[in-house]
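S.K.: make a model of this:
(2 chains)
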Amino acid sequence: MGALNRVAPLLLFLAPLLIRAQTRPTFIAQPGRVIAIALPVSLLNDSGIARQLGSGLTTVFLLAAKPRGSARVDIRFDVWDEVWIVRRLDFDGHDERQRITSRDALEKWWSSPLRLLTGDPPHVSVDVTLTVLPFSAAESEDARAWISKSAGSAESGRGSPLVAAVIGTTLNAKPIRSYRWQSEVQLK
Amino acid sequence: MSRFVLSILTIASIAFAAFGEEPPRFLIERIEVRNTHRVSADLIKSESLLKEGTEYSEPDLSAAAARLTRLPFLLSAEFKLEKGSSRGQYVLAIVVTETKPFFYLIDAQPTLWDDSRHTLDYDSDPAIESKDAALGFRWFVGGRGVVYIGTTSRRDRDVFTSDYTAIAIGYTQYDLFGTRAFASINLRRPIDEHAGRLSPQVVVGLPLTTDQTLTLDYEDTLVQNGTDHILGLSFRRKEAERLMSLTWAYDTTNQPFVPTRGTLIRVTALHSTHDHTGYTFIGAFPDAGPEAFREHLEGSGLDVVGARYWELSDRNSVNAAVLAGWANVDQNPAVFVPRVNYHPAYQIVRGGWSHDLWKGDPRSGDSRLEVVGALQSQQRDVREGGIVFGTTPDNTRSLLTSVSWVRRSSWGLLRLGVGYSWAL
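M.R.: From the prediction side, this is the model:
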């Protein structure tokens, strides 16, 4: 008991650091100078995200990466079929859709690498922002229209975090959570 | 580079179809409102503009949720779909967080200015129509009604209308005759030593869609009604105003007072009739003592507000707004001259940034730091009787900056800050 009393404050102090460490993704160098990201399962257990995932409405995970990259994951739980209807889009437009029947399978699918960007060897400094949004098709169409319209003016700003931020923020939905991670990735 | 833009376009365009060619639609067989304590579930259902037995897309539900969170007596409204009685049908659970029955709206943000400045301050916050303070108590009655008592203040950006603070008692009926319209009847008594009788106000609002509302406002206000005794003479002091306005508003913002995302467009046409009697020492004959005067003022104007709020992250939000107004004012008669006619106008361009000071549960409200910069200009195109304005300039411009702390909770809104304004 005495030992527990001594350890408890230390655990309390370290808890935020441990939680923070768990929410860090893994960056993976893939062939073709591609950098993929594997998102931590702990994100799905965040209270705000878990509440949205359980709402029967869509949750959108929007990734914007520096120097140049983006990806997107959509998850909706179908309450009638009791399946997870998921979709993810890599940076190069590769589109994958699935119906996942269990939470375990969802977590496995979630943590599989998602192709995010390409970089120049040998080292790439990656800066990734993840914004979690409740989905809305019309609002996203608004985003697409905005981006199409401003594509010309965005030429000089490509690759800037502002452009990436605008993609997320033009979606007219309050972010449930946002995260930012930085890492050095070594490419072969 | 082009690959990057293409990838962004592709990522964004995924939204055309959520999980197939057609975005999913949900047949809502029943709506259940949960976590209500004082607010009637019927009132919340009615204000969502959703109908049981109807199919809705996620954007429809999202717009309804946003509409509910703009209600002054709700802090949050979360939507959740559950299984209905048969396959393909859903129960929509709306989980609300109510505000307290006691409410306040205190906007204490004095503006300092340099000596070269002449203009009055405008309230450049497009999200709050009346600045300063309001506090009171509300009770929900009869399922769709609200009775409230408290103090309120009337401040607008028009130079030809009266600004005052009043004690008010009122009643709002929602879902009027099953039409989704609402009507408010208020009785107000301005806080003034010469305050007159209770003054009526009637507001009728008609939601056109989940984010568009048409509002008609009629106010008949006796701001002052008394007698002044000076140098052995008695003068009737009376100031009365009748104001009628029609407002069309498009509002997709997420909160009624401190929005962080969405668009607000508001167009108001108003007409005001103002009668003022009293005394003046500025008469036709010097040293003649006080003289009675009577003024009648009629003003018609148009006010336009356009604001857009962007959330850069879950903690940072930026906004930009344009506010403008034009009017035609007739004052007949006026002191010195038999008639004054002028066309006042103002334009405000405003930008702001706000930062959520704590990353807490949105159901607990917000605590934000706000920084605002605004360029304000005012013109007075005098057509007749310009002498009454003396040496005050017809055109002024100023730059305003302010920093404030805003706390929005289930109790209300408190904004404490300070601004500084320079003449340009």
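S.K.: make it CA atoms for all contacts and neighbour counts henceforth
M.R.: Fine.
S.K.: so how far is chain A from residue B:32?
M.R.: 14 Å (C-alpha to the nearest C-alpha, to the nearest Å).
S.K.: run through the bridge partners of that residue.
M.R.: In this entry, residue B:32 is beta-bridged to residue B:93, by DSSP bridges.
S.K.: what about the strands in chain A?
M.R.: Assigned by DSSP state E, chain A shows strands spanning A:26-30, A:34-38, A:59-66, A:69-78, A:83-89, A:95-100, A:114-118, A:123-134, A:177-186.
S.K.: residue B:36 is nearest to which of those?
M.R.: Shortest distance between residue B:36 and these, using C-alpha to C-alpha, is found for strand A:123-134: 23.7 Å.
S.K.: that closest one pairs with which strands, parallel or anti?
M.R.: By DSSP bridges, strand A:123-134 pairs with strand A:59-66 (antiparallel), strand A:177-186 (antiparallel).
S.K.: who are the contact partners of residue B:246?
M.R.: Taking C-alpha atoms under 8 Å, 6 or more residues apart in numbering or on different chains as the criterion, residue B:246 is in contact with B:214, B:215, B:216, B:217, B:268, B:269, B:270.
S.K.: may I see the PyMOL selection of the buried members of the residues you listed?
M.R.: Buried residues within those, by 16 or more other C-alpha atoms under 10 Å in any protein chain shown, are selected in PyMOL with:
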select buried, chain B and resi 214+215+216+217+268+269+270
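S.K.: ok, and which of the contacts of residue B:246 reach chain A?
M.R.: Contacts with chain A are made by none of these, judged by C-alpha under 8 Å from any C-alpha of the partner chain.
S.K.: can you list the contacts of residue B:246 in a markdown table and add secondary structure?
M.R.: Shown next, in a markdown table, are the contacts of residue B:246 (DSSP: H, G, I helix; E, B strand; the rest coil):
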| residue | secondary structure |
| --- | --- |
| B:214 | strand |
| B:215 | strand |
| B:216 | strand |
| B:217 | strand |
| B:268 | strand |
| B:269 | strand |
| B:270 | strand |
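S.K.: nearest to chain B within chain A, name that residue for me.
M.R.: Taking C-alpha to the nearest C-alpha, chain B has its nearest neighbour within chain A at residue A:55, 4.3 Å off.
S.K.: closest to chain A among the contacts of residue B:246?
M.R.: Set against chain A, the nearest of the contacts of residue B:246 by C-alpha to the nearest C-alpha is residue B:214 (23.1 Å).
S.K.: what pLDDT does that closest one get?
M.R.: The model reports residue B:214 with a pLDDT of 94.
S.K.: same check on residue B:302?
M.R.: Note for residue B:302: predicted pLDDT of 96.
S.K.: shaky segments in chain A?
M.R.: For chain A, the stretches flagged by pLDDT under 70 are A:1-22, A:135-174.
S.K.: per the record, what domains does it have?
M.R.: Under automatic domain parsing, the residue ranges defining each domain of chain A are A:25-132+A:175-188, A:135-172.
S.K.: adding mean neighbour count, write these out as CSV.
M.R.: Putting those into CSV (neighbours: other C-alpha atoms under 10 Å in any protein chain shown) gives the following:
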stretch, mean neighbour count
domain A:25-132+A:175-188, 19
domain A:135-172, 19
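S.K.: to residue B:165, which of those domains lies closest?
M.R.: Distance to residue B:165, taken as C-alpha to C-alpha, is lowest for domain A:135-172 among the domains of chain A, at 36.2 Å.
S.K.: and the nearest residue to residue B:281 once chain neighbours are set aside, how far from residue B:228?
M.R.: Spatial nearest neighbour of residue B:281, excluding adjacent residues (C-alpha to C-alpha, 6 or more residues apart in numbering or on different chains): residue B:290 at 4.5 Å. Distance, residue B:290 to residue B:228, by C-alpha to C-alpha, to the nearest Å: 11 Å.
S.K.: tell me, what's touching those two both at once?
M.R.: Between them, residue B:290 and residue B:228 share no contacting residue, judged by C-alpha under 8 Å, 6+ apart.
S.K.: so if I had to pick from these two, which one is more boxed in?
M.R.: Legend: neighbour count by other C-alpha atoms under 10 Å in any protein chain shown for residue B:290 and residue B:228, higher for residue B:290 (17 against 13).
S.K.: okay, that one: pLDDT?
M.R.: Note for residue B:290: predicted pLDDT of 79.
S.K.: same check, this time on residue B:134
M.R.: Reported pLDDT for residue B:134: 73.
S.K.: residues contacting the spatially closest residue to it that is not a sequence neighbour?
M.R.: Spatial nearest neighbour of residue B:134, chain neighbours left out: residue B:152 (4.4 Å); criterion: C-alpha to C-alpha, 6+ apart. Taking C-alpha under 8 Å, 6+ apart as the criterion, residue B:152 is in contact with B:133, B:134, B:135, B:165, B:166, B:167, B:168.
S.K.: find the nearest non-adjacent residue to the fifth one, please.
M.R.: To tie it back to what came earlier, the one meant is residue B:166. Nearest residue to residue B:166, sequence neighbours excluded (C-alpha to C-alpha, 6+ apart): residue B:190, at 3.8 Å.
S.K.: I'd like to know how many residues surround that neighbour.
M.R.: Counted with other C-alpha under 10 Å, residue B:190 comes out at 25.
S.K.: how near is it to residue B:385?
M.R.: From residue B:190 to residue B:385 the distance is 31 Å (C-alpha to C-alpha).
S.K.: now do residue B:295
M.R.: Distance from residue B:295 to residue B:385, by C-alpha to C-alpha: 14 Å.
S.K.: swap in residue B:112?
M.R.: As judged by C-alpha to C-alpha, residue B:112 and residue B:385 stand 32 Å apart.
S.K.: what of residue B:199?
M.R.: 32 Å.
S.K.: what's the answer for residue B:179, then?
M.R.: Distance from residue B:179 to residue B:385, counting by C-alpha to C-alpha: 48 Å.
S.K.: so these two - more neighbours on which side?
M.R.: Between residue B:179 and residue B:385, counted using other C-alpha under 10 Å, residue B:385 has the larger neighbour count: 17 against 11.
S.K.: contacting residues around that one?
M.R.: Contacts of residue B:385 (C-alpha under 8 Å, 6+ apart): B:337, B:338, B:339, B:340, B:341.
S.K.: which non-adjacent residue is nearest the first one?
M.R.: Which is residue B:337. Nearest residue to residue B:337, sequence neighbours excluded (C-alpha to C-alpha, 6+ apart): residue B:385, at 6.2 Å.
S.K.: list phi and psi for the one you found.
M.R.: Here is the backbone geometry of residue B:385 (degrees, to the nearest 10): phi 70, psi 40.
S.K.: state the distance from it to residue B:339.
M.R.: Noted for residue B:385: a distance of 6 Å to residue B:339, by C-alpha to C-alpha.
S.K.: could you do residue B:368 as well?
M.R.: According to C-alpha to C-alpha, residue B:368 stands 49 Å off from residue B:339.
S.K.: equivalent analysis for residue B:300, please.
M.R.: Remark: distance between residue B:300 and residue B:339 (C-alpha to C-alpha) = 16 Å.
S.K.: now do residue B:198
M.R.: Taking C-alpha to C-alpha, one finds residue B:198 at 31 Å from residue B:339.
S.K.: kindly report the same for residue B:158.
M.R.: Using C-alpha to C-alpha, one obtains 20 Å as the distance from residue B:158 to residue B:339.
S.K.: so which of those two has more stuff around it?
M.R.: residue B:158 (21 against 18).
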